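Peer 1: no sequence for this one, just the structure:
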């Protein structure tokens, strides 16, 4: 789903309002922000939620409904308003359009009619360059092996994004069995990913936010299931719906993947706009990275999303040179994060993100720079990036250089 339209509705009649809600909750391109049962409250609901569109049923009191329509168009002119009514007399339709209605829908509203109206709104907004049709950015963080610091990176990126007032961010812990993002944030969540999936059909914006745990940095957390028995109930199709709703509600969604690269992880990879593959400069990581890239490059539209991040640069014990790592994987290194074991250990043990624990530390500033590069499409400075070589070796040939004896045999033949 490339675009999700946020919608609020108003209908004082309980039965028709519930019927309309059921229709909208079953549509993938719609995120129902709120529903209202009183005309006089609806302009305030629209102003507070700033949706893409508002749907107003006027049959309960046409005069009052049309008066509220004029007020909404006056106070929030950027919001498209759809008017719905069983009455199709020409003067009713004309009054609604003069009051500022974008479209007039005939009740009972069918799925096809509301879908067509929303598609037209999305197309008109895109043609006009209207940023009101929002679609948050999804950043997936995965490691070439366990223990390379994916959760630390994901947590700190999320907190850095959330600390900026114009952004909102949520972190999804997709390590369904051993995820510990809640520990990194010193949180005791009331609800988990399993709870959200089970109630996805009846969630609105308020319920969604209440299902998430909010950290003092502003970052929201959706943790992994509590019980291992629940893991098997989570499917890729269920997650797609969760991701779509989160992306409609937040400017940024950060996903901390497991190390299994299973169906669930691939659903997240396919949904993501950016994929950070994290490695260290050691042999197991590089060998796994080559294998991963060979597989992921075969997935349509996946290759261009991948960005390689080298963590713990400067760790003296057994590190391979950055140049040899680049030659091996045949890719540009997007970013390098310096090694600072003491500060990172303190962060994990205290459950405090780096931006709060030690904002002036080199590793904190490095992760802030990485966050800016991801959120603002800013160029990474020389301290964080390494330029790709003009001639990149193929994955297949560079892979062989890391098998014992392979490189020597190749040299002897030359």
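Peer 2: Now that the structure is in, tell me what you want to look at. Being a predicted model, the structure only gives us computed values, none of them experimental.
Peer 1: only C-alpha atoms for contact and neighbour calcs from this point on.
Peer 2: OK.
Peer 1: Residue 242 and residue 198 touch, don't they?
Peer 2: No. At 10.4 Å, residue 242 does not count as touching residue 198 under the criterion of C-alpha atoms under 8 Å.
Peer 1: Compare those two (neighbour count), which wins?
Peer 2: Between residue 242 and residue 198, counted using other C-alpha atoms under 10 Å, the more crowded position is residue 242 (17 against 13).
Peer 1: and the gap between the more buried one and residue 57?
Peer 2: According to C-alpha to C-alpha, to the nearest Å, residue 242 and residue 57 sit 29 Å apart.
Peer 1: Equivalent analysis for residue 39, please.
Peer 2: Counting by C-alpha to C-alpha, the gap from residue 39 to residue 57 is 9 Å.
Peer 1: list residues touching both of the two?
Peer 2: Common contact partners of residue 39 and residue 57 (C-alpha atoms under 8 Å, 6 or more residues apart in numbering): 10-11, 65.
Peer 1: that older thread, give me the more crowded residue out of residue 39 and residue 57.
Peer 2: residue 57 (27 against 22).
Peer 1: Could you tell me the end-to-end distance of stretch 178-187?
Peer 2: The first and final residues of stretch 178-187 sit 16 Å from each other (C-alpha to C-alpha).
Peer 1: which parts of that stretch are buried?
Peer 2: Judged by neighbour count using 16 or more other C-alpha atoms under 10 Å, the buried positions of stretch 178-187 are 179-182, 184-186.
Peer 1: and if you look at stretch 256-268?
Peer 2: Applying 16+ other C-alpha under 10 Å to stretch 256-268 flags 256-259, 261, 264-268 as buried.
Peer 1: and the end-to-end length of it?
Peer 2: Note: stretch 256-268 ends 9 Å apart using C-alpha to C-alpha.
Peer 1: same question for that stretch, mean pLDDT?
Peer 2: For stretch 256-268, the mean pLDDT works out to 94.
Peer 1: Repeat that for stretch 181-189.
Peer 2: Rounded mean pLDDT across stretch 181-189 is 95.
Peer 1: if we look at it, which residues are touching it?
Peer 2: 151-152, 155, 173, 212-213, 215, 221, 223, 347-353.
Peer 1: So for stretch 355-374, mean pLDDT?
Peer 2: Rounded mean pLDDT across stretch 355-374 is 96.
Peer 1: Strands of the stretch 1-150 of the chain, residue ranges please.
Peer 2: 5-10, 30-36, 53-57, 80-85, 103-106, 137-143 (DSSP state E, counting those that start in this stretch).
Peer 1: Columns distance to residue 162 on top of those strands, output as a markdown table?
Peer 2: Shown next, in a markdown table, are these (distance: least, C-alpha to C-alpha, whole Å):
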| stretch | distance to residue 162 |
| --- | --- |
| strand 5-10 | 21 |
| strand 30-36 | 21 |
| strand 53-57 | 26 |
| strand 80-85 | 28 |
| strand 103-106 | 36 |
| strand 137-143 | 13 |
